[in-house]
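S.K.: predicted coordinates and the sequence they were generated for:
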Amino acid sequence: MTKIELPLGTAERVAERLRNPLVTKAGAFSRVEIAGSVRRRKPLVGDIELVAEIDPDLEFGASGRIQITLNGLGVRRAAPTVRKDGVSVKAPWGPRYWKATYEYEPGRHVQLDLFVVSPPAEWGVIYLIRTGGDWFSQKMVDRLHRYGLKSQDGRIVHTGREGTQGYVACPTEERFFELAHMPFVPPERRTVDDPDTVRAFTEGTT
């Protein structure tokens, strides 16, 4: 499939068309939100990214129900990719990452990336990282290191004396910013082209 770019308005409608049934029909999630370049409100969008949190009371058998819901929406597993050595690698298909294609109009497809938050991962970490962009997410993860923290398996880890590890709760994006000692940056400003955002990383808070 040749990757296309959708105008933001079209991408928003497609994202909601996929999000709503995952909320109401999958019988697996406590919440599903739009992330990626749609949330950052880029004028052109290359793929639809959704972040969904597993409801602990619905976790048993969730992957099967998610797959049934995706199939019912006409979502199909993305084609395999071929590595440089010629080996074909299947696209991820659950339980934490579903890489798919969706025919949003007859003959027109867009890539769908569904990221599932389940323990030990936490919402604040996955939602921030998957909102992106890549530059911003990496800078935020790197900034944690200043304060003895790191992102691991979708949660925040701190290393204590003698290498012991502990975990710091990060249920929201706002908490991630607090842990990184950064002011909150709206999604549409999470870009290297925004001088205030670049300045915040340079200066930050202590």
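M.R.: Right, received. Where do you want to start? Remember, predicted model here, so these are calculated numbers, not experimental data.
S.K.: would you mind writing the CA trace of the longest helix seen in the chain as PDB?
M.R.: Ranked by number of residues, the top helix in the chain under DSSP state H is helix 8-24. As requested, the backbone C-alpha atoms of helix 8-24 are provided in PDB (Å, rounded to 0.1, in the frame of the first residue of the first chain):
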ATOM      1  CA  LEU A   8      -6.700  17.200   8.700                       C
ATOM      2  CA  GLY A   9     -10.500  17.400   8.500                       C
ATOM      3  CA  THR A  10     -10.800  14.100   6.700                       C
ATOM      4  CA  ALA A  11      -8.300  12.500   9.100                       C
ATOM      5  CA  GLU A  12     -10.300  13.700  12.100                       C
ATOM      6  CA  ARG A  13     -13.500  12.200  10.700                       C
ATOM      7  CA  VAL A  14     -11.900   8.900   9.900                       C
ATOM      8  CA  ALA A  15     -10.300   8.800  13.400                       C
ATOM      9  CA  GLU A  16     -13.600   9.300  15.100                       C
ATOM     10  CA  ARG A  17     -15.300   6.700  12.800                       C
ATOM     11  CA  LEU A  18     -12.800   4.200  14.200                       C
ATOM     12  CA  ARG A  19     -12.600   5.500  17.800                       C
ATOM     13  CA  ASN A  20     -16.300   5.400  18.600                       C
ATOM     14  CA  PRO A  21     -16.900   1.700  17.900                       C
ATOM     15  CA  LEU A  22     -13.800   0.800  19.800                       C
ATOM     16  CA  VAL A  23     -15.200   2.700  22.800                       C
ATOM     17  CA  THR A  24     -18.700   1.200  22.600                       C
END
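S.K.: what's the neighbour count on the residue lying closest to Thr81 once chain neighbours are set aside?
M.R.: Taking C-beta to C-beta, 6 or more residues apart in numbering as the measure, Thr81 lies nearest to Val89, with 5.3 Å between them; neighbours along the chain are not counted. Every residue, glycine included, has its C-beta placed from N, CA and C. The local packing count at Val89 equals 9, with neighbours defined by other C-beta atoms under 10 Å.
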